[in-house]
Every structure is written in C-alpha cells, then in structure tokens.
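# Could you work out the structure for the sequence below:
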Amino acid sequence: MSILKSIREKEGYTQTDLANQTGLSLRTIQRLESTNKVPKGYTLNVLAEEFNMEPSALQAKYVKSKLSRDSEITTIKMINLSVLSFIGIPFGNLILPIIIWRNNRDSKFVDEIGRRVVNFQILFTLFLCLLLILLPFTVAKLLPNIPIMLIVLLIAYLFNIAVIIRTAIKIQHQDFDFLNGPFRLI
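Residues are numbered from 1 along each chain as shown. This is a model prediction of the structure:
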C-alpha cells in the first residue's frame, strides 16, 4: 500500500480533502499514491505539515518502505536462482526454493511470488519424472540405439534453465506477472 494513502486514511482524509487542505492538486495526490514515490520540496513540506510530522520523518517512512520492498525482491531473486541447484542436487529445484520460500512467507508479496515459482517447479518435476518413467516403454523401443533418456533429460534441464533466466529478467524489470499457470498444487 502507498505510504501517503496509509497516512491519509489513518488521518481520515479522502484524496479530495487532502488536496483541499494542502493546496496541492488532486492529480498530485493521486500520482503520489499510485507511484509511491517520495514527495519532494514544497509537496513534502506541505504534506508533512498537514500530518504534523517533520519532513525528514515523512521521507524516512518512504525509505523504510523502499528498503522493505528491495528486501522482498532480493528474497524472490534468491528463490528463483536457488532452483538452479537442480543441476547438482537431485530435486534441488524443490528443496532449496521451498526452504527459502517457507522461511520468508510472512511477506504476502514474497509468499505469492514464491508460491508461483515453487508450484511451477513441482509441476515441472512431476512431468519430468512421469516422462522418464514412460519413456523406456514407448520411444526407446522405436529408437533403441539413440540415448533418448539423456536427450530428454538435457532438453528438460535446458527448458528449466530458460524459465529461470526469463523469470530473473522479469524480476529485474519488476514485472511480477510470470508463472501464473492455471493449475496450482500449492
């Protein structure tokens, strides 16, 4: 939630009331709430005065919020990158991300994004295990001299690595609309 919005609602103001009381435009109040950017200069001073705060105290609320958000994003990056442990540890794509996710579920944001990453990895692992179980009974009979199991495993690993890289890029750009599959296990 926006810092300004939470303070405004705590004080019992509507956006229009705050705009009228401070002399700021309604559009300025709306923009500050939607972007959650730190007000500067005259706007900061007027808002701080209206809320009976020091301008530095109002700025500190924004800094604290930004640090908290940065910490959440770092945790999400760790969950995503910990999936790479599947390269050296069997089922590492589940073990490490689940541990990190469960230890940081107190944040609703981390819980939701972490849940999506873990859910995708569970589905990926189930699909890969099923594929590797059925493969010897189907395709391997048709192509006996080709190491189809290794080829499928390599393709699956490369696919998972591509998903991890794509997710990391989206996280870096703060686009958190990823891995929203229709099927959820957790």
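
# Might you list the low-confidence residue ranges for this structure?
1, 140-141 (pLDDT under 70).

# domain ranges for this structure?
Residue ranges for the domains of the chain, per automatic domain parsing: 3-53, 70-172.

# Turn those into a markdown table, columns for distance to Leu179.
Any C-beta I mention is one placed from the backbone N, CA and C, and that applies to glycine too. Converted to a markdown table, the domains of the chain look like this (distance: least, CB to CB, whole Å):
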| stretch | distance to Leu179 |
| --- | --- |
| domain 3-53 | 25 |
| domain 70-172 | 4 |
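
# Compare those domains and give me the one nearest Val63.
Across the domains of the chain, Val63 has its closest neighbour in domain 3-53 (7.7 Å, CB to CB).

# Spatially central residue in the chain, please.
Ile113 (4.3 Å; CA atoms, centre = their mean).

# host element of it?
Take DSSP states H and E as the rule and Ile113 turns out to sit in helix 108-134.

# so how far is that helix off the chain centroid?
Helix 108-134 has its C-alpha centroid displaced from the chain centroid by 16 Å (CA atoms, centre = their mean, to the nearest Å).

# What residues of it count as buried?
110, 113-122, 124-125, 128 (16 or more other CB atoms under 10 Å).

# still on that earlier bit, next up, the contacts around the residue nearest to the centre of the chain.
Going by CB atoms under 8 Å, 6 or more residues apart in numbering, Ile113 touches Ile76, Ile79, Phe176.

# Give me the distance between the second one and Gln21.
As for Ile79, its distance to Gln21 is 43 Å (criterion: CB to CB, to the nearest Å).

# More neighbours: these two, which one.
With neighbours defined as other CB atoms under 10 Å, Ile79 and Gln21 compare such that Ile79 has more, 26 against 14.

# Helix or strand: which one has that one?
Judged by DSSP H and E, Ile79 forms part of helix 55-82.

# for that helix, packing partners?
Contacts defined by 3 or more CB pairs under 8 Å, 6 or more residues apart in numbering; DSSP states H and E place helix 55-82 against helix 3-11, helix 41-50, helix 92-103, helix 108-134, helix 148-172.

# I am finished for the moment; much appreciated.
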